[in-house]
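*Asks:* no FASTA, just this:
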C-alpha cells in the first residue's frame, strides 16, 4: 500500500510571530521554520503503518519554494521513502493547493492520503476536505485512531458526543488530530540517510492549473496586548468593576 503525506513549512510553534512594520504579512526573516505539527503527526502515522507491514511506501510532498526541501528532508529522516516538491514562489490558497495535490494523487495512485487537519499559520482546515471533493475519494477527518483492515480503513474521530468510528473504502483521505500519535525525533543516522533519499522537484506551472488566488490578504495585525490584572479589596468592589468597567454582568 502506498501512502502519500502532504506537509507544510510553517514558523516553528515555539517562535513568537512578528508582523512586518507595514502590516503586509508575517515577518519570516531569520525565523526558525519547521514541519507543521499536524503534518508531522501525519508523517508519523504513515511511518507506523509501514513499520507494521501495512504500507509499502511513504511519499511526502510539499508545495513551495526551495526552502521547503528542508522540511522534506526532515520527513525523510523520520522514515518517509521519497519526497516530491512542487516548486512555486506564489502564496497559494487552500483550493489551489488541493488542485495541485489532486494531480499528484492521479500520478502516484496512493491507497491512502494522510494530511494534518490544519496548518498552524492559516488555520483554515480546508485542504483535506477540498482534496477529497476533487478526487472523489472517501474522507475521514480529525482522526484520533487509524486502522487499516483489508480494503477498508477505520477512522475513529472525536465528536461532541464522544467518539465516532467511520469505515472508509480504500483509496481514502484522512486528516489527523492531535491525539492520533506522538511524533518521533529524527536520529542522526537517519538524518544522514535522508540526504541520499530521492527528492523530485516539479514545477507548479507544468500542471496547467490556474493558480490565481481566490482570496486577497488585506492586512495583518498582531493581537492586542493583554492588560495587567488588578487586585480588588472586596467582593463588592469586584462586582462593581465587572458591572461598570468590564460590563460583563448587569
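*Replies:* Arrived safely, thanks for sending. Values in this document were obtained by computation on a predicted structure and should not be read as measured data.

*Asks:* what about the longest strand in the protein?
*Replies:* In the chain, assigned by DSSP state E, the strand with the most residues is strand 138-149.

*Asks:* other residues contacting it?
*Replies:* With contact meaning C-beta atoms under 8 Å, 6 or more residues apart in numbering, strand 138-149 is reached by 1, 45, 49, 54, 112, 114, 117, 128-129, 132, 153-158, 163, 166, 168-177, 179-180. Where C-beta positions appear, they are placed from N, C-alpha and C, glycine not excepted.

*Asks:* the strands in this protein, which residues?
*Replies:* With strands called from DSSP E, the chain shows them at 2-6, 9-11, 33-35, 57-64, 82-87, 112-116, 138-149, 152-159, 162-169, 172-176, 199-203.

*Asks:* can you say which of those strands is nearest to residue 231?
*Replies:* strand 9-11 (36.2 Å; C-beta to C-beta).

*Asks:* what strands flank the closest one, and is each parallel or antiparallel?
*Replies:* Partners of strand 9-11 in the sheet, by DSSP bridges, are strand 33-35 (antiparallel).

*Asks:* check the offset of the partner strand from the chain's centre.
*Replies:* Between the centre of strand 33-35 and the centre of its chain there are 11 Å (C-alpha atoms, centre = their mean, to the nearest Å).

*Asks:* can you give me the buried ones in the longest strand of the chain?
*Replies:* Within strand 138-149, the residues that qualify as buried are 138, 139, 140, 141, 142, 143, 144, 145, 146, 148, counting by 16 or more other C-beta atoms under 10 Å.

*Asks:* between these, which sits nearest residue 96?
*Replies:* Distance to residue 96 across the buried residues of strand 138-149 (C-beta to C-beta) is lowest for residue 139, with 19.1 Å.

*Asks:* what residues are bridge-paired with the closest one?
*Replies:* Here residue 139, judged by DSSP bridges, has bridge partners residue 173.

*Asks:* do the same with residue 115
*Replies:* Bridge pairing for residue 115 - DSSP bridges - gives residue 175.

*Asks:* how far away is it from residue 11?
*Replies:* Applying C-beta to C-beta, to the nearest Å, the value for residue 115 to residue 11 is 19 Å.

*Asks:* between these two, which has more neighbouring residues?
*Replies:* residue 115 (29 against 19; other C-beta atoms under 10 Å).

*Asks:* got the contact list for the more buried one?
*Replies:* 5, 6, 38, 39, 42, 127, 128, 131, 173, 174, 175, 176.

*Asks:* of those - the most surrounded one?
*Replies:* residue 42 (33 neighbours).

*Asks:* so what's it closest to, chain neighbours aside?
*Replies:* Sequence neighbours aside, residue 114 is the residue nearest to residue 42 in space, at 4.3 Å (criterion: C-beta to C-beta, 6 or more residues apart in numbering).

*Asks:* also residue 122?
*Replies:* Closest to residue 122 by C-beta to C-beta, 6+ apart is residue 94, at 7.6 Å.

*Asks:* and for the lowest-mean-pLDDT helix or strand in the chain, what's in contact with it?
*Replies:* When each helix and strand of the chain is scored by mean pLDDT, DSSP states H and E, helix 235-244 comes last, with a mean of 90. The contact list for helix 235-244 (C-beta under 8 Å, 6+ apart) reads 230, 232, 248, 249, 250.

*Asks:* tell me who's in contact with the second one.
*Replies:* Residue 232 sits next to 238, 241 when contact means C-beta under 8 Å, 6+ apart.

*Asks:* rerun that using 6 Å as the cut-off
*Replies:* Shown in contact with residue 232 (C-beta atoms under 6 Å, 6 or more residues apart in numbering): residue 238.

*Asks:* ok, it to residue 226 distance?
*Replies:* From residue 232 to residue 226 the distance is 18 Å (C-beta to C-beta).

*Asks:* check the fourth one too.
*Replies:* Here the criterion is C-beta to C-beta. By it, residue 249 lies 21 Å from residue 226.
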